[in-house]
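J.: Just to be clear, the model below is a prediction. Sequence and coordinates:
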Amino acid sequence: MRTPPRLLPLVEDGVIDEVLGQVRSGKEADVFIVRLGDEIRCAKVYKDSSHRSFKQAAAYQEGRRVQNSRSSRALSKRTAFGQKEAESNWITAEVQALKALNTAGVRVPEPFGFFDGVLVMELIVDAAGEVAPRLDDVELSPEIARSYHQEMVRQIVLMLCAGIVHGDLSEFNVLVDARGPVVIDLPQAVNAAGNNNAQAMLARDVDNMARYFGRFDPAILEFEYAKEIWALYQNGLLHPHVELTGVFQDATGIIDVGGVMEAIADARREHEEILSRRAPVQLAGGAELAPKKWEPRVDPPHQGGRDRADRKPAGHDREHRRDSTFPDRSDVRAAAPAPAPVEPAPKIQWGRRPYR
Ligand SMILES: Nc1ncnc2c1ncn2[C@@H]1O[C@H](COP(=O)(O)OP(=O)(O)OP(=O)(O)O)[C@@H](O)[C@H]1O
Ligand SMILES: [Mg+2]
């Protein structure tokens, strides 16, 4: 096959010897079968970003580490440099995810390197040595469907244990080799701890798998693995050998926010009722004083910068009250007998008994 222009630099640099053919053209990349010495590999050539929705990409980018603060600033703006950074982030994310997942024991193609925007990786083949089919291309018996479904749930757990959510898992992004399912296509993989959409994306991945395998055995649709896996992950209990049940019950300890809000509303209603039952206070002269409803205190706005000279002299308020509100009791004070002089208390010397 004639070498596609995007693969020429790799041939020139000796990364690959020749291009044998094209596997399939995806929405976002063209995948080629390539040879290096005796080894057959595959090369994924990414299409440019105009084939992707930048908006959609942004939901996936959240929580990804960027190289430096300049990149980070550029990403937040829609400049040409920002677009280029987002593009390069998108592509390198797949390489990083493949490396991390391969190390974590997830069934993904082994990555060999990333050269000039091309990912070179293991070519997944079937039992006959042909390029492996996608899940969507195979017909499954109910037993195989159940077994592959369990295997995919295990792969999702392994990915999450490595801190990654695939984010686009479907029958089109899983190949089937002689040993079973192999996960591919990870440029949108999200950082589970740093992305607010991670839980929803995990649920979508799990549901997509259940929906696909459920075609062959509808009982698979009953499982609730997504909630179970996420609850274990959030509580730090998820590990590669965890035993899952597929059943999820709201465990005690998981906060029921709706219940808490209801309890608060009940308490408020009760308080209002108690206040309304209180009898009004009868004042002299027949006036009634209704029980005072508690209101939060609202301080008047601070009068900053007031001149000292404007302030009232100390004791001004006290003087004012004595004049207008309180009766003058100086006559009562004058008639009272003078208090008896107080005997001084005996001196105690600490560390010694007092004399008797
Ligand atoms: N490592 C591999 N081994 C064998 N075939 C592969 C491999 N990687 C990709 N393919 C084939 O190439 C196709 C496109 O690859 P991939 O899904 O990674 O690209 P994409 O363009 O992002 O796809 P999509 O159309 O899902 O957006 C896959 O459906 C699969 O058939
Ligand atoms: Mg794909």
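T.: In hand now; what should we look at? Ligands and ions are numbered 1, 2, ... in the order given.
J.: Show me where the stretch 1-150 of the chain dips below the pLDDT cut-off.
T.: 49-89 (pLDDT under 70).
J.: hmm, 80 instead?
T.: 24, 26, 48-91 (pLDDT under 80).
J.: Which single residue in it comes nearest to ligand 1?
T.: Closest approach between the stretch 1-150 of the chain and ligand 1, counting by CB to the nearest ligand atom: Gly26, at 2.0 Å. Heads up, the C-betas are built off the backbone N, CA and C, glycines and all.
J.: Tell me if I'm right that that residue and Asp185 touch.
T.: Yes. Contact criterion CB atoms under 8 Å: Gly26 and Asp185 qualify, at 7.4 Å.
J.: Confirm for me that Gly37 is in contact with Ile16.
T.: No. If you go by CB under 8 Å, Gly37 and Ile16 don't touch, sitting 9.8 Å apart.
J.: The two: who's more crowded?
T.: Per other CB atoms under 10 Å, whichever of Gly37 and Ile16 has more neighbours is Ile16, with 24 against 7.
J.: which SS state does the more buried one fall under?
T.: Of the three states, Ile16 takes coil according to DSSP: H, G, I helix; E, B strand; the rest coil.
J.: That one and Asp116, how far apart?
T.: Ile16 sits 11 Å away from Asp116, taking CB to CB, to the nearest Å as the criterion.
J.: Now for the two: what residues contact both?
T.: Common contacts of Ile16 and Asp116 (CB atoms under 8 Å, 6 or more residues apart in numbering): Leu10.
J.: From Val11, how far off is Asp17?
T.: From Asp17 across to Val11, the span is 7 Å (CB to CB).
J.: So out of everything in this protein, what residue is nearest ligand 2?
T.: Residue nearest to ligand 2 within the chain (CB to the ion): Asp185, separated by 3.6 Å.
J.: dump the residue contacts of the residue lying closest to that residue once chain neighbours are set aside.
T.: Using CB to CB, 6 or more residues apart in numbering and skipping residues adjacent in sequence, the residue nearest Asp185 is Asn173, 4.2 Å away. Going by CB under 8 Å, 6+ apart, Asn173 touches Arg134, His166, Val183, Ile184, Asp185.
J.: Run through the residues of the stretch 51-200 of the chain sitting next to ligand 2.
T.: Counting by CB under 5 Å from the ion, the residues of the stretch 51-200 of the chain close to ligand 2 are Asn173, Asp185.
J.: got the residue ranges for the helices in the stretch 51-200 of the chain?
T.: 54-61, 69-76, 80-103, 142-161, 198-214 (DSSP state H, counting those that start in this stretch).
J.: residues making contact with the fourth one?
T.: Same thing as helix 142-161. Surrounding helix 142-161, the residues in contact under the criterion CB under 8 Å, 6+ apart are 101, 104-107, 135, 140, 165-166, 169, 174, 176, 180-181, 183, 192, 202, 205-206, 209-210, 213, 215-217, 219-220, 225, 229, 233, 238-240, 242, 244.
J.: Put the buried members of those into a ChimeraX selection.
T.: Buried members of the contacts of helix 142-161 can be picked out in ChimeraX with the line below, counting by 16 or more other CB atoms under 10 Å:
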select :101,104,106,107,135,140,165,166,169,174,176,181,183,192,202,205,206,209,210,213,216,217,220,225,229,233,238,244
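J.: Which of the contacts of helix 142-161 fall in strands?
T.: If you go by DSSP state E, those have Val165, Val174, Val176, Gly180, Pro181, Val183 in strands.
J.: Most widely separated two among these?
T.: Greatest spacing in the ones in strands among the contacts of helix 142-161, by CB to CB: Val165 and Val176 (22.0 Å).
J.: Could you find the closest non-adjacent residue to Asp13?
T.: Among residues not flanking Asp13 along the chain, Phe115 sits closest, at 7.0 Å (CB to CB, 6+ apart).
J.: ok, the one you found - how many residues close by?
T.: Here the count is done by other CB under 10 Å, and Phe115 has 15 residues near it.
J.: Correct me if wrong: it contacts Leu10.
T.: Yes. With contacts counted by CB under 8 Å, Phe115 reaches Leu10, the gap being 5.4 Å.
J.: Check Arg204 and give its pLDDT.
T.: Confidence at Arg204, expressed as pLDDT, is 98.
J.: any idea how far it is from ligand 1?
T.: 15 Å (CB to the nearest ligand atom, to the nearest Å).
J.: Report the contact partners of that residue.
T.: Contacts for Arg204 (CB under 8 Å, 6+ apart) come out as Leu169.
J.: can you tell me which residues contact Phe216?
T.: Leu140, Ser141, Pro142, Ile144, Ala145.
J.: coming back round to it: cross-check the ones in strands among the contacts of helix 142-161 against ligand 1 and keep the overlap.
T.: Taking CB under 6 Å from any ligand atom as the test, ligand 1 is in contact with none of the ones in strands among the contacts of helix 142-161.
J.: ok, these vs Gly129, which is closest?
T.: Using CB to CB, these come closest to Gly129 at Val176, 14.0 Å.
J.: I figured that closest one hits Leu135, correct?
T.: Yes. Under the criterion of CB under 8 Å, Val176 makes contact with Leu135 at 6.0 Å.
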